[in-house]
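Student: Next input, structure requested:
(chains A and B, ligands or ions: 2)
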Amino acid sequence: MPSLVDMLLNPSFWFSVLRVTTPIIFAAIAALITDKAGIMNISMEGTMLFSALAGTIVSALTQSAWIGLLGAMAAGVLLSLTLAYFTLELKTDVILGGVAINLFADGGSIFILYLLTGDKGTSVSLASKVLPSVTIPLIDKIPVLGAIISGHNALTYIAAATVFAVYFMLKSTPLGLKIRAVGENSSAAQSVGVSAKKIQYLSLALSGLIASLGGAYMSMAYLPNFSRNMTSGRGWIALAAEAMGQGGVLATSAASLVFGFADAMANALQMFSLPAELVGIIPYVATVIGLILYSVRIKNAKKRRGASKKPL
Amino acid sequence: MEPLLEARNISKVYPNGMAANRSVNFSLQKGEIHALAGENGAGKSTLMKILFGMEKPSEGELRLNGAPFSPSSPQDAISKGLGMVHQHFMLVPSFTIAQNVILGAAPRKGLSVDWKKAAQETADLSAKYNFSLDPNKRVEDLSVGMKQKVEIIKALYRGAKILILDEPTAVLTPQETAELFSQLFKLRESGITIVFISHKLKEVKAICNRITILRGGRNMGVFQVSDVSEQEISRLMVGRDVALKYDKDNIPPGDAILEINRLFLKNEDGKTKVSNVSLSVPGGRILGIAGVDGNGQNELARAVMGEIPIASGEIRICGKPATGKLQGVRQLETGYIPEDRMKQGTAGDASISDNLISIRLKSPEVCSKGILRKKKISALSESLVGLYRILCSSADQKVSMLSGGNMQKVVVARECSTSPKLLVADQPTRGVDVGSAELIHHKLLELRKNGTAILLVSADLNEVMELSDHLAIMFNGQISAYFEDPSQVSEEELGLYMLGLKKQEGIS
Ligand SMILES: Nc1ncnc2c1ncn2[C@@H]1O[C@H](COP(=O)(O)OP(=O)(O)O)[C@@H](O)[C@H]1O
Ligand SMILES: [Mg+2]
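Tutor: Ligands and ions are numbered 1, 2, ... in the order given. From the prediction side, this is the model:
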């Protein structure tokens, strides 16, 4: 029986950490963008799930993985814009809106799946496509590191690129400045002619787009087809990661990696003769511990600087 | 000469039926500093918001340089050369000064903001008008006076030729006000036209060319400032003569209600804010605490209310040690008018009535067996609204809809109507119009007559001098002077103690 140390020393374990982190990172960055614009968007789970299904269907219909990916993106943006319409135009509570999206995606995806395939569980009967994996020349020759970094699905690299693009966008571009201003003090933004509504629409759309990549990853890379509730809480774990990252793009990505690590551990530990149920809760326990640490920190930070500035 | 900007017969009725402007005419000559005066709720901000494209007039027209002008948004007004510094600052706290200045009009370099140019242009503007701002400093670390300068630069950066300042001095210390005035003169020299909203008549007299007076949404007249006296202006603003002197009832002092012994307070970073302060206030007396803002007065008041922890020393209320918790202190029959009425004094989204009863939920009058008694509550609120002349459409109106003075009257009504043994009033009339201030002063004196001990913190020297039986002056966290009978001291002398140029012997 392999030991825990063997497992941690094995590059394939670390490869799998990156593999399982990919969807969490997408969703966490998606949540972060709207958070920056002052919107607490909790619809990651539903957006990913729906995009996962859309990717499968479109790729099966067109027989092209990339067009399938576009389909997934369109579905993600559409769902987010629906949420935007409800919260920004009709003034629905954004949390309730997010809950609605999640419930709709959960039931709706099964319904559509059943309509198309007659199956309520998986889409195996659809001849859907899978996005290609990429071997990075040169890097794949480096011992250990090559085995960890090279050979991932294209979306994993797109996730990494997204992290840096969003980091740059928020920090250095006029759009990022506007998003942050709207999130922090929307009347300040409005007083200089920045339309808060427009910025919030835009950030929700971006958020949907990025979350949809996480969804497509689930059904077109992580697994080769769609199955019901296949995101299994990753959208929620991503929210925890975003909360722990405290609004920082890089910190959020790091927190996602921590959760990815817990997830990979859970997968790997199944080889040991531990009860599967016990092992399966590891990522969720990690989430709860992370959130507790996070809220303790927030509370302390508030105590330190807040008393004078914060109302009672 | 043709006016630069003109408003003709402007009326504005808000969706809730409030007629904030009624056929107002207003005109601005190029290069003048024009005062817009009026009590809180007179409609000054509304009129300016109309000029700035934030509100649409219900009737009337605007003309800019003789041509019809109907700004559809602030953006539109900005592009036509208007700039506005709002009563409540519109800044993003975590941004630097430069980031706030360029927000929405950022210079670009490729995809990115051209940060170098942004900082440079901010620094240039700041240097041009002697603002001495560091573009890379975060706004949250700035004093109120500095924040205001950032707002002015923001407007100038966008090419403002007409600058509207909505009650700019309400939040400033006397020193900051003086500095602002010299900068406004500089702006006027460089050809910028300024609308200066204020109800401090001394200020209007000091810097303005002309004055327009609003009352109840109507224009009460336009004058050359040199042609009218302060008395005349205030009569037009308030509609009656405002007494600037009060009669105090001659009653004997009661037992010591508030006792402070060798009190030390530290802030979050461990810096000493109040050191070795000992004071006592008997029932039926007002102890004034004067001083330039930020010398520990606010911390002292908050410590009495249990809002900040005591580093060492002791506070006793009615002989009992104050518990160090606001709720605990409140149970000792203590009323509190906090410094910040918007953040702390009221819950903006709640109704006037909810705000009024929020400290009496334990009283059987308001709540019995866990159920609110709606009828009693609304009767109580109606009577307080009347008694304290709170200008509103009904007691169910949201507090955030009220003007500053009326918001403050809600706080005062709530805190004074429970006949507390001790009242802590921290800047009770800051940014409040003359009429409301007068009412608040009368209410404080009424409490005094009924035996309440009052701790009055105020940066307004007139106010503390008029109301206080005893007066302490704070400088740098210490009591620099204490007067049993402040009427014997001149303002100039007080000024010396306030600035720390003089200190009484044998004090702390
Ligand atoms: N958005 C609004 N909706 C309804 N009433 C308002 C609104 N803004 C201001 N008011 C009311 O209009 C009146 C004039 O307000 P304002 O123009 O702010 O006065 P001022 O600036 O002179 O103190 C006040 O009675 C105020 O309560
Ligand atoms: Mg106003």
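Student: secondary structure class for the residue of chain A found nearest ligand 1?
Tutor: Nearest residue of chain A to ligand 1, counting by Cβ to the nearest ligand atom: residue A:187, 12.5 Å away. For glycine as for every other residue, the C-beta is placed from the backbone atoms N, C-alpha and C. Under DSSP: H, G, I helix; E, B strand; the rest coil, the three-state class of residue A:187 is helix.
Student: Over to residue B:502?
Tutor: coil.
Student: Contact partners for residue A:237?
Tutor: With contact set as Cβ atoms under 8 Å, 6 or more residues apart in numbering or on different chains, residue A:237 has these partners: A:24, A:259, A:263, A:283, A:284, A:287.
Student: That one looks like it's in a helix, true?
Tutor: Yes. Applying three-state DSSP, one finds residue A:237 inside a helix.
Student: For the residue nearest to the spatial centre of chain B, which non-adjacent residue is spatially closest?
Tutor: Closest residue to the average C-alpha location of chain B: residue B:431 at 2.7 Å, with Cα atoms, centre = their mean. Leaving out its chain neighbours, the residue that sits closest to residue B:431 by Cβ to Cβ, 6 or more residues apart in numbering or on different chains is residue B:170, at 3.5 Å.
Student: thought the residue of chain A closest to ligand 1 was touching residue B:90?
Tutor: Yes. Residue A:187 is within contact range of residue B:90, at 5.7 Å (criterion: Cβ atoms under 8 Å).
Student: Which one's more surrounded, the two?
Tutor: residue B:90 (22 against 13; other Cβ atoms under 10 Å in any protein chain shown).
Student: about what we covered before: could you measure from the residue of chain A closest to ligand 1 over to chain B?
Tutor: Separation of residue A:187 from chain B (Cβ to the nearest Cβ, to the nearest Å): 6 Å.
Student: Over to residue A:250?
Tutor: For residue A:250, the distance to chain B equals 17 Å [Cβ to the nearest Cβ].
Student: How about the residue in the stretch 51-200 of chain A that chain B sits nearest to: what's its closest non-neighbour residue?
Tutor: Taking Cβ to the nearest Cβ, chain B has its nearest neighbour within the stretch 51-200 of chain A at residue A:193, 3.0 Å off. With sequence-adjacent residues excluded and distances taken as Cβ to Cβ, 6+ apart, residue A:193 is closest to residue B:75, at 3.0 Å.
Student: In the helix or strand where the one you found lies, which residues have enough neighbours to count as buried?
Tutor: Using DSSP states H and E, residue B:75 sits in helix B:74-79. Neighbour-count burial for helix B:74-79, counted by 16 or more other Cβ atoms under 10 Å in any protein chain shown, picks out B:74, B:75, B:77, B:78.
Student: And for stretch A:251-270?
Tutor: Quick answer for stretch A:251-270 (16+ other Cβ under 10 Å): A:252-253, A:255-269.
Student: From the chain's centre, how far out is stretch B:412-426? Work that out for me.
Tutor: Computed by Cα atoms, centre = their mean, to the nearest Å, the separation of stretch B:412-426 from the middle of its chain amounts to 19 Å.
Student: Kindly report the same for stretch B:296-310.
Tutor: Distance of stretch B:296-310 from its chain centroid, counting by Cα atoms, centre = their mean, is 20 Å.
Student: Pull up the distance across it, start to finish.
Tutor: Stretch B:296-310 has its terminal residues 13 Å apart, counting by Cα to Cα, to the nearest Å.
Student: can you list contacts of that stretch?
Tutor: Contacts of stretch B:296-310 (Cβ under 8 Å, 6+ apart): A:307, A:312, B:258, B:260, B:263-265, B:267, B:273-274, B:277, B:289-291, B:315, B:317, B:322-329, B:334, B:336, B:338-339, B:424, B:426, B:455, B:457, B:474, B:476-478.
Student: average pLDDT for that stretch?
Tutor: The pLDDT scores in stretch B:296-310 average 91.
Student: Please apply the same query to stretch B:144-151.
Tutor: Computed over stretch B:144-151, the mean pLDDT rounds to 89.
Student: swap in stretch A:208-218?
Tutor: Mean predicted confidence for stretch A:208-218 is 97.
Student: circling back to that earlier point, kindly confirm whether my reading is correct that the residue of the stretch 51-200 of chain A closest to chain B touches residue B:71.
Tutor: No. Under the criterion of Cβ under 8 Å, residue A:193 is not in contact with residue B:71, lying 11.0 Å apart.
Student: Which other helices and strands does whatever helix or strand residue B:408 lives in contact?
Tutor: When secondary structure is defined by DSSP H and E, residue B:408 falls within helix B:404-416. Here helix B:404-416 touches strand B:334-337, helix B:352-357, helix B:374-387, helix B:434-449, going by 3 or more Cβ pairs under 8 Å, 6 or more residues apart in numbering or on different chains; DSSP states H and E.
Student: Out of the ones you listed, which is the most enclosed?
Tutor: Most buried of those, by mean neighbour count (mean count of other Cβ atoms under 10 Å in any protein chain shown): strand B:334-337, with a mean of 26.
Student: in its sheet, what does that strand sit against?
Tutor: Using DSSP bridges, strand B:334-337 pairs in its sheet with strand B:422-426 (parallel).
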